[in-house]
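In: Based on what follows, work out the 3D shape:
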Amino acid sequence: MREQSRLHAAQRAGAHTRLAQRDIGEHLRYLKRHADRIQAAAIALMKQHECLAEDLQLLDSIPGIAELSAMKLIAELGLLAKGLSPAQWVAQAGLDPRPQESGTSLRTPRRISKQGNANLRAALFMPALAAIRTDPNVNAFYTALLARGKRKMQAIIAVMRKLLHAIWGVLHHRQEWDGRKFYRMPTASTA
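Out: Below is the predicted model of the structure:
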């Protein structure tokens, strides 16, 4: 991130910094290759460990979560205390809604607390977006929230929260993803 900021500053400085821009660009490519190698090694290491390999496979069964996302989630979830409930996972991730209160202010809408693990929240964001696009049950849940008047970001955060509940269930019960447990879509009634 710091290197990207340096590159942006060099680009805004003008033509006399072309050498600096090229040098920073090379350094960014090196860092990207290095990060990719570390991630690949981490996944390979996890696959060698029986329990972690099973966790990777279980999380990979969830729409929107691939190996890289699963690796990041397992790493962040491993930092949480053992035996926590799904609601406690949500609170640890900072995805729990909290009222905004102060003195004489009117009741404002609840917002997520953001007092938890920011890396866990970040690791859930893209899988939630991908799950909305690829899984009909997740998409139906998201669409129902929008129909109830929720803003798009509120609905995405609700999907993230519910996805974290689903991850807890998948890992706790050692069963692969079942979209019907995430959200039971309304059936078309025939009259």
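
In: For the rest of this, base every contact and every neighbour count on C-alpha atoms.
Out: OK.

In: Just list what the helix ranked longest in the chain packs against, helices and strands only.
Out: The residue-count maximum for a helix in the chain (DSSP state H) belongs to helix 18-48. Helix 18-48 sits against helix 2-13, helix 50-60, helix 67-77, with contacts defined as 3 or more C-alpha pairs under 8 Å, 6 or more residues apart in numbering; DSSP states H and E.

In: Pull the contacting residues for residue 86.
Out: 164-165, 168-169 (C-alpha atoms under 8 Å, 6 or more residues apart in numbering).

In: With neighbour count, secondary structure and distance to residue 6 added, can I get these in a markdown table?
Out: Formatted as a markdown table, those follow (neighbours: other C-alpha atoms under 10 Å; DSSP: H, G, I helix; E, B strand; the rest coil; distance: C-alpha to C-alpha, whole Å):
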| residue | neighbour count | secondary structure | distance to residue 6 |
| --- | --- | --- | --- |
| 164 | 23 | helix | 36 |
| 165 | 18 | helix | 39 |
| 168 | 20 | helix | 40 |
| 169 | 17 | helix | 43 |
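
In: quick one on the thing from earlier: could you dump the helices and strands packed on helix 18-48 to CSV with mean pLDDT, distance to residue 38 and mean neighbour count?
Out: As requested, the helices and strands packed on helix 18-48 are arranged in CSV below (pLDDT from 0 to 100; distance: least, C-alpha to C-alpha, whole Å; neighbours: other C-alpha atoms under 10 Å):
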stretch, mean pLDDT, distance to residue 38, mean neighbour count
helix 2-13, 76, 19, 14
helix 50-60, 94, 17, 18
helix 67-77, 93, 11, 19
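
In: Any idea which of these gets closest to residue 154?
Out: helix 67-77 (21.4 Å; C-alpha to C-alpha).

In: tilt between that closest one and helix 50-60?
Out: Angle between the axes of helix 67-77 and helix 50-60 is 120 degrees (criterion: axes from the mean of the first three to the mean of the last three C-alpha atoms, to 10 degrees).

In: For helix 67-77, give me every contacting residue.
Out: Contacts of helix 67-77 (C-alpha under 8 Å, 6+ apart): 39, 42-43, 55-56, 59-60, 119-120, 123-124, 127.

In: again, only this time at 10 Å
Out: 39-40, 42-43, 46, 52-53, 55-62, 64-65, 78, 89, 92-93, 117-124, 126-127, 164, 167-168 (C-alpha atoms under 10 Å, 6 or more residues apart in numbering).

In: Could you check stretch 153-165 and say which residues are buried?
Out: 154-165 (16 or more other C-alpha atoms under 10 Å).
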